[in-house]
Structure formats: C-alpha cells, structure tokens
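A.B. asks: Next come a sequence and a model predicted from it.
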Amino acid sequence: GTVIYFEALRELALESSVAKLTSREADVLVRAERGPTTIKEYVKVADAIVNEASARVQWMLRDSNRGGKTATFFLSQPGQEGDAGEDNARAFFAFLPEFASYASLGPLGRTPSDEAQLPAPGTPLEIEAIIPIESADLFGLVVGDRLSAVPFWKEKVPYADVTITGIFERNNPDDAIWHMTDTVFAAATAESFRTVPFYLSEQSYMAVLGATFTDMDSTYVWLLDVDTGRLNAENAAQAFSGLRLLERRLSPVLFSYRQITSLDEAIDEYDRRLFFSKVPMFIVLVLIASVILYYVVTLSSLLVEQQRPE
C-alpha cells in the first residue's frame with residue numbers, strides 16, 4: 001500500500017506541476033551570439049547546440065526549429081540615411097527556414113529573391129525582404145515600398161536598400177515558432193522602439209547580407225519543442241539534469257549563451273512538493289513500525305517467560 005501510495009503521489013505531483021505550464025513555458029529556447037555572420041561561424045554554433053541537445057534532451061522533444069537575427073539597424077526612408085538613428089525607428093534582418101509552414105503572404109506578395117548581388121565598397125546593398133503585417137500597419141507600408149537599414153557600426157557599405165516584396169500574417173499565432181520570434185528576435189527593441197523585422201531566406205542572410213556587412217554579429221536561436229506527455233515520475237530527474245547539464249556545457253563555449261524555459265523550475269518545484277508530501281506518510285509509517293516492533297518484542301518476551309520452565 002505504501003509503494004502504491006508513493007507512486008501515485010509522484011505521478012500526481014509531476015502532473016500538477018507540468019500542467020501549470022503553457023506550451024511556450026515548457027519549451028526550451030537556446031540562443032547564442034556569434035560574429036562575423038558567415039556559414040563557417042554559424043556551423044560552429046549549430047554543431048555545439050545540436051550535439052549537446054541530442055545527447056541531453058532529445059528523448060523528450062517533439063520537434064525543433066531554428067533561426068537567426070542580426071544586430072539592430074537604424075531605419076530611415078530612402079534618401080534620409082543621414083538622419084537615421086535620430087528617431088525610434090529600428091530594423092533587423094532575420095531568417096526562419098520553416099517560415100513558409102507557419103505564415104501566409106498577402107495576395108500581392110512574393111518571397112524575396114535569392115539573387116541579390118554584393119555591392120561595391122561605398123555603395124548600398126540592394127536586397128528584398130518580407131515583413132509582418134503588424135509592422136506594415138505601424139509604418140503604413142505596402143508591397144513595393146523601400147526602406148533603408150543603416151548599421152550603427154562602421155562598415156564598408158553605408159546601408160542596405162530594402163525592397164518589401166511581401167507582407168505576411170501568422171497562420172496560427174499560438175504556433176511554437178512564434179515563441180522564438182517574440183521572445184528573442186523582437187525582445188531587444190519591443191519596448192522602446194518602432195521596429196521592422198526584414199525576413200530573408202537563409203541563403204540570402206548568409207551569402208549576401210553576412211558577406212556585405214562583414215563586422216555584423218548574429219544571434220542564432222533554437223526552439224526545442226518539448227512533448228510534456230513523455231515526462232513521468234521515472235524520468236523527471238533525467239529531464240531536470242539534462243536541462244541543467246545542457247546549460248553548463250554550452251555556457252562556457254558559446255558567447256552570450258542563454259537558455260529560456262520554465263520546465264526545469266517546474267520539475268524542481270515538483271521535487272520539493274513531493275518531499276514535503278511524503279513527510280506525513282513517513283511519520284505514519286514510523287508510528288506503525290514502532291507499534292509492530294513493540295508488539296513483537298512484547299509477545300516474544302511473554303512466550304519466553306511461558307516456555308522458560310521447559
């Protein structure tokens with residue numbers, strides 16, 4: 001009975017702790033910064049994160065997504081690049097390989113071309129991008145409009161001349177992938193600035209944008225979509241140690257590494273609640289065991305006295 005009680009208690013306590021988490025809180029976001037923005041540097045980050053995640057937490061994942069974003073640029077209208085940075089308009093470039101599965105372009109939009117040419121030193125980069133409908137409404141933008149993204153650091157190329165080829169809407173705002181864009185991509189400028197995210201293909205991001213702005217850092221992000229249905233009392237400790245070990249192994253080797261999740265805290269809370277829930281049962285067991293032992297000792301003494309003459 002005690003074994004059955006403790007097993008049921010463990011499962012119920014874990015289920016209660018995990019049930020309090022939203023899907024976004026249970027997922028694991030890992031991010032790291034790396035510069036310059038090249039395939040070679042990106043692969044270093046990707047190999048470290050993918051290898052460690054596969055070894056530590058792969059067993060409890062449903063899926064994973066990745067993406068990247070640049071440092072923040074000043075934003076201006078074409079021809080007003082000299083005034084960039086004097087207002088609160090900002091921009092950044094980003095890529096999401098699985099983007100097409102989670103968003104839809106408006107009827108006049110199209111995906112950006114991957115055939116942009118590298119500019120000569122001193123001339124602007126001409127590149128195409130798509131933007132979210134929220135930013136289009138905020139700035140009054142339509143398909144075909146152009147904006148200038150001006151780096152705040154010193155570069156050989158003065159700015160990027162961005163042509164908007166499409167405006168997209170999210171198919172489902174609750175999809176896990178938007179946790180990555182809302183929590184990491186837009187976090188730096190969400191409160192104080194009006195921001196336009198320019199979304200490119202991964203190829204244009206690396207081969208064109210990264211090759212043009214050679215001193216530009218990027219933030220690379222992985223969204224590890226946790227299947228909480230795979231967690232139980234038997235493997236909760238493994239999940240907790242895997243998450244903590246993932247952070248300990250990657251923090252020293254990746255610059256500005258950050259791991260965002262509430263799952264490890266929920267499991268830790270589950271352990272504490274389980275301990276204090278067990279205490280009353282342990283007290284009852286001690287009392288029962290004491291009574292039994294007292295009864296056995298007393299009965300044995302009586303039997304010994306009864307049989308002593310023989």
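C.D. replies: Now that the structure is in, tell me what you want to look at.

A.B. asks: Strands of the stretch 201-310 of the chain, start to end?
C.D. replies: Counting by DSSP state E, counting those that start in this stretch, the segments of the stretch 201-310 of the chain that form strands are 218-226, 258-260.

A.B. asks: do the same with the stretch 51-200 of the chain
C.D. replies: Along the stretch 51-200 of the chain, counting by DSSP E, counting those that start in this stretch, strands occupy 61-70, 73-76, 89-95, 103-105, 125-132, 146-150, 160-170, 194-200.

A.B. asks: Now do Gln306 against Ile292, distance only.
C.D. replies: To Ile292, Gln306 is 21 Å away according to Cβ to Cβ, to the nearest Å. The way it works is simple: take the backbone N, C-alpha and C, and place the C-beta from them, glycine included.

A.B. asks: An error on my part: the question was meant for Thr261.
C.D. replies: Between Thr261 and Ile292 the computed distance is 46 Å (Cβ to Cβ).

A.B. asks: Give me the more crowded residue out of the two.
C.D. replies: Relative neighbour count places Thr261 above the other of Thr261 and Ile292, with 21 against 10, counting by other Cβ atoms under 10 Å.

A.B. asks: Wait, that one touches Arg24, no?
C.D. replies: No - counting by Cβ atoms under 8 Å, Thr261 does not reach Arg24; the two are 9.5 Å apart.

A.B. asks: on that earlier part again, and the strands of the stretch 201-310 of the chain as a markdown table, adding mean neighbour count, mean pLDDT and distance to Thr123?
C.D. replies: Shown next, in a markdown table, are the strands of the stretch 201-310 of the chain (neighbours: other Cβ atoms under 10 Å; pLDDT from 0 to 100; distance: least, Cβ to Cβ, whole Å):
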| stretch | mean neighbour count | mean pLDDT | distance to Thr123 |
| --- | --- | --- | --- |
| strand 218-226 | 24 | 94 | 23 |
| strand 258-260 | 17 | 94 | 37 |
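
A.B. asks: Would you mind saying which of the ones you listed lies nearest Arg194?
C.D. replies: Nearest of these to Arg194, taken as Cβ to Cβ: strand 218-226 at 20.2 Å.

A.B. asks: For the closest one, name the packing helices and strands.
C.D. replies: For strand 218-226, the packing partners by 3 or more Cβ pairs under 8 Å, 6 or more residues apart in numbering; DSSP states H and E come out as strand 28-34, helix 39-56, strand 61-70, helix 177-180.

A.B. asks: quick one: the third one to strand 146-150, angle?
C.D. replies: So the one you mean is strand 61-70. Per axes from the mean of the first three to the mean of the last three Cα atoms, to 10 degrees, the angle that strand 61-70 makes with strand 146-150 is 80 degrees.

A.B. asks: hmm, who's touching strand 61-70?
C.D. replies: Residues from elsewhere that reach strand 61-70, judged by Cβ atoms under 8 Å, 6 or more residues apart in numbering: 37, 42, 46, 53, 92-98, 176-177, 180-181, 184-185, 197, 202, 205, 209, 213, 216-227.

A.B. asks: Try it again at 7 Å.
C.D. replies: Contact with strand 61-70 is made by 37, 92-98, 177, 180, 185, 205, 216, 218-227, as judged by Cβ atoms under 7 Å, 6 or more residues apart in numbering.
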